[in-house]
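[1] got a predicted structure plus its sequence, pasted below:
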Number of protein chains: 2
Amino acid sequence: MTKTIASQLVEALGADVVTIDPDGIAPWLSDWRGIYKGQAQAVVRPRNVEQVSRCLALCQHAGVPVVPRGGNTGLCGGATPDGSADNVILSLDRMNAVRSLDTVANTLVAEAGCILGNLRRAAQEAGRLLPLSLAAEDSCQIGGNLATNAGGVNVVRYGMTRELVLGVEAVLPNGEVFHGLRPLRKDNTGYDLKQLLIGSEGTLGVITAASLRLLPRADVRAVVLAAVSSSRQALQLFELLYGQCGARLQAFEFFTGDCVDLVLTHAEGVQEPFAQRYPAYVLVELADSVDEDGLNALLEAVMGQALEQELCLDAAVSASLSQLQALWKLREEISEAQRADGPHLKHDISLPIEDIPAFMASCEKRLQAVDAGVRPFIFGHFGDGNLHYNISRPAGAPRTWAAEQGEAITAEVMDEVMRYNGSISAEHGIGQLKREYFHRYKHPLELRLMQDIKKLLDPAGIMNPGKLL
Amino acid sequence: MTKTIASQLVEALGADVVTIDPDGIAPWLSDWRGIYKGQAQAVVRPRNVEQVSRCLALCQHAGVPVVPRGGNTGLCGGATPDGSADNVILSLDRMNAVRSLDTVANTLVAEAGCILGNLRRAAQEAGRLLPLSLAAEDSCQIGGNLATNAGGVNVVRYGMTRELVLGVEAVLPNGEVFHGLRPLRKDNTGYDLKQLLIGSEGTLGVITAASLRLLPRADVRAVVLAAVSSSRQALQLFELLYGQCGARLQAFEFFTGDCVDLVLTHAEGVQEPFAQRYPAYVLVELADSVDEDGLNALLEAVMGQALEQELCLDAAVSASLSQLQALWKLREEISEAQRADGPHLKHDISLPIEDIPAFMASCEKRLQAVDAGVRPFIFGHFGDGNLHYNISRPAGAPRTWAAEQGEAITAEVMDEVMRYNGSISAEHGIGQLKREYFHRYKHPLELRLMQDIKKLLDPAGIMNPGKLL
């Protein structure tokens, strides 16, 4: 009798690395929001790249699907297994060493399982900045950040994860190790293969380590909360700030007055920011490495100009760290407040930034036609054209509303995004959640090329089936 | 009788677009340095993407090789046809429209034939920065910059061309148009296919337009020339400046005292920078968008610290624009001075930055063993670990020296670079020049994946044969 893949894995890697007991597997089967749930025959938690390689080689030989998993903080079900009982979950959490942190080369080489927040702090202690910053940073793992090309609040200045990556080490589905970890700043020797792995959501191979670029620290901060009449005014304010503040502009976040309502209702320790409620708000952060007084003076001067030119209605500049944190709290609590409000529909979209006002108007109109009571809560990384266009149920509607109306509502939003040549996934990826829309809207040529590349790198089709492609 | 491909091209695109007369073709057959010379049966100069598409479809059908060509400023023969009389040269020079320049979205959409310098000036006039800056900027074309992933003097701050690209429009070898020009800052919908075209040196398809990221302007500048005892001291100075100057550090260029000799001998209007000659020099540029006094004060303070900590021997800070330009001239004239000195060997290499001192010592030793009289002129983008490690002939050796000794010398340099896990091409690419070394040193897995991708996108193998792969 031939051995099962589960027993082969145990034999090859040890019971300490491979869990096949159903009770041990159970906690690994769903996403953190509890939206997706799948099945698996084993959870493999390798300690090094050789073990990852052996795991994949065995799985490919047996034709068994592999679901790579980082910190499980994704919002699209990309790291949750599907319904097949054959799945092998490959968690990178034990590969969590910082292999090097170098303040001359300004590089950080980290294994896939390192927690982003820990890497940020390590860089900071060394007088450098790892600029990737997002809500889940104290749970998410850097391997997952690369696999999903994570975004966050500082993309307007520093770009997406992709732009911070100098090299990757990865294992291909057949077990071959891609030794692409060279921490060189410049290396023009052929096609940049690592780019295929970044953002591929575990469908082409498993990233086991990355060399990342460290930037000069930017820990001198100044924050302003500006009240605006509309997204159009926010747009004008953005243009002014981008032109006047130079490289210092590192966050330009937008949220509607409705979001403030939600936060004031559900979050603790948050205060109404102005004497009156405004239609929308913009949170701006400037950051530099020196001269706090100069930074504050610059921000005050530019905001004075904005008020004079009527590019905002009111503005509150942070005068202390606690004020700065209080202003950020207004923005950071929105997701949690919306969750407390009940089930809702998340849409992580991006648009050509100039089209945001028109999109917001026309999309709301479409939604009203479907269900007049829907409550859009719109916030996000406005400076990147990235909105979290989230929809809560009409007042008084049952909590089942999202499950029942979700498809119809989301279809309208996605379709409207495409009418403006936007993206149906700005920073969260496709996973299971948006696969149908991805196939519906992606240009056939691009889809064909992606499928061809998938076949090339994963001919047995074992990598993260049911996700993305 | 079947028509020749040349006559088919003329018929499809017109005699205005297709040159088949040998005298008309002749000026297109060599690289600007006159090192490479090839043959071709036609030069095609399309005016739009449809014409590019028809050209490629016809060529693929006929199995005729296509050599894409930008500004012909490359240093590796990547845009020069090989010896086959069948070649069709495809010049993008007539596709030179700026399709849009947007100071709200901060994007520039330019056709492939746009001259880089013109795009930089257009951005500047709009109050924005296109940071790609290199010696050939007033001749090179942006399509070529993307195809070779060009570098230059500001990579230490802004990264390579790749990091500035939001989208590309390209034509695949079968004539299909890849409509990837979306100027979105964030778009996580599948594999990032444009990354394959960037840096592929025309071997996978033809880039016809690009959307580029514009950055906040940084036109307030301060420059210092520091004299250093060695590359090791330069390294320490770099660490200090990167830590103290924040995002302002935008160039950190290195050159040896021998390079200064060469420039003083061959260039006009250049002066000895200090009262004495030093072993090596570092040219540092800081740039910001505001506060010139603050910038100068910062640079002076940090350089004061550097002198005190003995991280440099002497320093001259620019006090005016003309002084700033005079300091830059010392660095900029090195290539031209070396050319005036006679035939020489260029090596565009990169190293883990900390290994530069050890590499410089050990590589010189190897070269001395081959030919004791060789004169290395070493300069480059030190902050990126990128050296232009150029070798001139021994004093008194004939001008034929480079041609006769080139292979032996270059083999030593390349081998020594690989001993340090460096790159045999930091920013110039592979082209014809380094193809042999590329095949010798590239990891077999990476080479195989590149060949597989080549077959996938260019199954007929018509795109730029004899280059890169």
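    Thanks, I have the structure now.
[2] distance of the spatially most central residue of chain A relative to residue A:80?
    For chain A, the residue nearest the mean C-alpha position is residue A:150 (3.9 Å; C-alpha atoms, centre = their mean). If you measure residue A:150 against residue A:80 using C-beta to C-beta, to the nearest Å, the figure is 17 Å. Every residue, glycine included, has its C-beta placed from N, CA and C.
[3] and the helix ranked longest in chain A, how far from the chain's centre?
    Scanning chain A for the helix with the most residues, using DSSP state H, yields helix A:401-419. How far helix A:401-419 lies from its chain's middle: 21 Å, per C-alpha atoms, centre = their mean, to the nearest Å.
[4] just how off-centre is the following helix or strand past it within its chain?
    Note on helix A:401-419: by DSSP states H and E, the next helix or strand toward the C-terminus is helix A:435-441. Computed by C-alpha atoms, centre = their mean, the chain-centroid distance of helix A:435-441 equals 19 Å.
[5] and what of stretch A:192-200?
    16 Å.
[6] just give me the neighbour total for residue A:195.
    22 (other C-beta atoms under 10 Å in any protein chain shown).
[7] correct me, but it touches residue B:193?
    No - when contacts are counted by C-beta atoms under 8 Å, residue A:195 is not listed as touching residue B:193 (9.2 Å).
[8] next, the buried residues of the longest helix of chain A.
    Going by neighbour count (16 or more other C-beta atoms under 10 Å in any protein chain shown), the buried part of helix A:401-419 is A:401-402, A:405, A:409-410, A:412-414, A:416-417.
[9] stretch A:218-225 now?
    Applying 16+ other C-beta under 10 Å to stretch A:218-225 flags A:218, A:220-225 as buried.
[10] cool, stretch A:298-311 as well?
    Across stretch A:298-311, burial judged by 16+ other C-beta under 10 Å covers A:298-299, A:302-303, A:306, A:311.
[11] ok, residues contacting that stretch?
    A:222, A:224, A:226, A:233, A:236-237, A:240-241, A:244-245, A:248, A:284, A:286, A:312, A:314-315, A:317, B:290-291 (C-beta atoms under 8 Å, 6 or more residues apart in numbering or on different chains).
[12] just the buried members of those?
    Buried residues within these, defined by neighbour count using 16+ other C-beta under 10 Å: A:222, A:224, A:226, A:233, A:236-237, A:240-241, A:244-245, A:248, A:284, A:286, A:312, A:314-315, A:317, B:290-291.
[13] what about stretch A:190-205 and chain B, touching?
    Yes - against chain B, stretch A:190-205 shows contacts by C-beta under 8 Å from any C-beta of the partner chain at A:190-193, A:195-196, A:198-200, A:204.
[14] can those go into CSV with extra columns for pLDDT?
    Below are the residues of stretch A:190-205 next to chain B laid out as CSV (pLDDT from 0 to 100):
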residue, pLDDT
A:190, 97
A:191, 98
A:192, 98
A:193, 97
A:195, 98
A:196, 98
A:198, 98
A:199, 98
A:200, 98
A:204, 98
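[15] what's the closest of those residues to residue A:111?
    residue A:198 (16.1 Å; C-beta to C-beta).
[16] relative to residue A:133, how far out is that closest one?
    Counting by C-beta to C-beta, the gap from residue A:198 to residue A:133 is 18 Å.
[17] more crowded one of these two?
    Ranked by neighbour count (other C-beta under 10 Å), residue A:198 and residue A:133 place residue A:198 first, with 25 against 19.
[18] got the contact list for that one?
    A:146-147, A:149, A:161-162, A:165, A:168, B:192.
[19] compare the residues you listed and tell me which is most surrounded.
    Counting by other C-beta under 10 Å, top hit in the contacts of residue A:198: residue A:147 with 33 neighbours.
[20] for chain B, what are the nearby residues on the stretch 201-350 of chain A?
    A:204, A:215-218, A:235, A:238-239, A:242-249, A:288-291, A:294, A:298, A:350.
[21] tell me which of those fall in strands.
    The strands, defined by DSSP state E, take in A:215-216, A:249, A:288, A:350 from these.
[22] same list (those residues) but as a markdown table, adding neighbour count and pLDDT.
    Shown next, in a markdown table, are those (neighbours: other C-beta atoms under 10 Å in any protein chain shown; pLDDT from 0 to 100):
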| residue | neighbour count | pLDDT |
| --- | --- | --- |
| A:215 | 20 | 97 |
| A:216 | 20 | 96 |
| A:249 | 23 | 97 |
| A:288 | 25 | 96 |
| A:350 | 28 | 98 |
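[23] out of these, who's nearest residue B:427?
    Nearest to residue B:427 among those, with distances taken as C-beta to C-beta, is residue A:215, at 20.4 Å.
[24] how is chain A divided into domains?
    Split into domains by the TED database, chain A comes to A:98-213, A:218-341, A:342-428.
[25] deepest of the ones you listed, which one?
    Across those, the average number of neighbours (mean count of other C-beta atoms under 10 Å in any protein chain shown) peaks for domain A:98-213, which reaches a mean of 23.
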